[in-house]
Structure formats: structure tokens, C-alpha cells
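Enquirer: Okay, predicted coordinates and the sequence, questions at the end:
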Amino acid sequence: MDSKQTNHKKGITGANSMRFAVQALPVDSPRFKFCIRCHAEKPLNDFYIRTDTDKRRGYCRTCEAIAREKIRKLNLHKDNAKCKAKYAERTGRLVNPGKCEKCPSAKNIQKHHDDYDKPLDVRWLCAKCHCRHHAEMRKKVG
């Protein structure tokens with residue numbers, strides 16, 4: 001395409017004008033896709049675009065919403081514990097020590113719950129140690 005094209009809606013000229021242009025689908029490209037969960041053929045607009053590529057996701061928006069809601073219900077006790085700990089920290093009942101319990105780092109300190117039934121019983125770990133701790137827990141389980 002010519003780099004001198006103008007995008008009249010945005011008033012942008014030059015190479016950046018193509019960034020705002022609406023990309024039309026080629027004539028022979030499919031305008032519908034099958035959802036791999038509900039097996040229904042739906043228009044492409046019913047599928048989210050993947051962030052790592054420009055391709056569409058496998059599940060339609062409806063099936064994605066159902067799956068997200070199912071996960072949210074399974075993890076509701078975790079969300080409740082996190083909210084209670086966050087509120088306790090905001091009100092001063094839970095105080096961030098400012099450093100990791102495992103290493104001397106003071107960067108990106110996070111709360112870790114060993115037991116979600118005790119929302120105010122948290123361990124303060126830096127992001128690296130927190131990630132390592134969860135990796136160790138996964139190894140023990142699996």
C-alpha cells in the first residue's frame with residue numbers, strides 16, 4: 001500500500017495511517033468459525049482475538065463467559081480470603097513488613113495464603129519467592 005494514504009477519519013497521513021485503517025477480510029476468507037466447546041457455527045465477531053497472535057480463540061464469547069463463571073465459583077473462597085486480607089491491610093489490621101520472609105528483597109512484596117480459611121494468616125513474599133513457593137507446591141501435589 002502507498003505510505004502517502006490518508007486516514008480521513010483520524011486526519012493521519014503517512015505510514016501511521018494504516019494502523020488506524022479498518023482491515024477488510026479477503027473475499028475468500030471464512031466469516032464463520034466453529035466453537036470447540038458448543039460445536040456451533042458462529043460469526044467471527046463472536047470469538048475473542050488472542051493477544052499473542054491475531055487469530056481468534058477456540059471458544060465463542062458465550063462459552064468463555066460460562067467457563068470464567070465456573071472457575072470463579074470454584075475459587076470463591078480464595079477471592080473472599082484475598083479481599084478480606086486486602087481490606088485488613090487497608091484498615092491497618094494487617095501490616096506489610098516491607099521485606100520478603102525468605103530473602104532480603106524489598107521489591108514487589110505479595111501476600112501468600114497457606115490456608116484460605118484463615119484470611120488474615122498470610123506470609124509476605126517477594127514475587128520471585130512467591131512464584132518459587134507455588135512451583136514447589138505444584139511439584140508436591142503432582
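Expert: Cool, got the structure. Numbering: from 1, shown residues only.
Enquirer: Let me see the domain layout of the protein.
Expert: 6-58, 75-141 (automatic domain parsing).
Enquirer: Mean pLDDT lowest where, among those domains?
Expert: When the domains of the chain are compared on average pLDDT, domain 6-58 comes out lowest at a mean of 69.
Enquirer: What strand or helix carries L120?
Expert: Using DSSP states H and E, L120 sits in no helix or strand.
Enquirer: try the one 4 residues further on
Expert: When elements are assigned from DSSP H and E, W124 belongs to strand 122-126.
Enquirer: outside of that strand, which residues touch it?
Expert: Contact with strand 122-126 is made by 85, 94, 96-97, 99-103, 105-114, 133, as judged by Cβ atoms under 8 Å, 6 or more residues apart in numbering. Heads up, the C-betas are built off the backbone N, CA and C, glycines and all.
Enquirer: Direction included, what does it pair up with?
Expert: Strand pairing for strand 122-126, determined by DSSP bridges: strand 109-113 (antiparallel).
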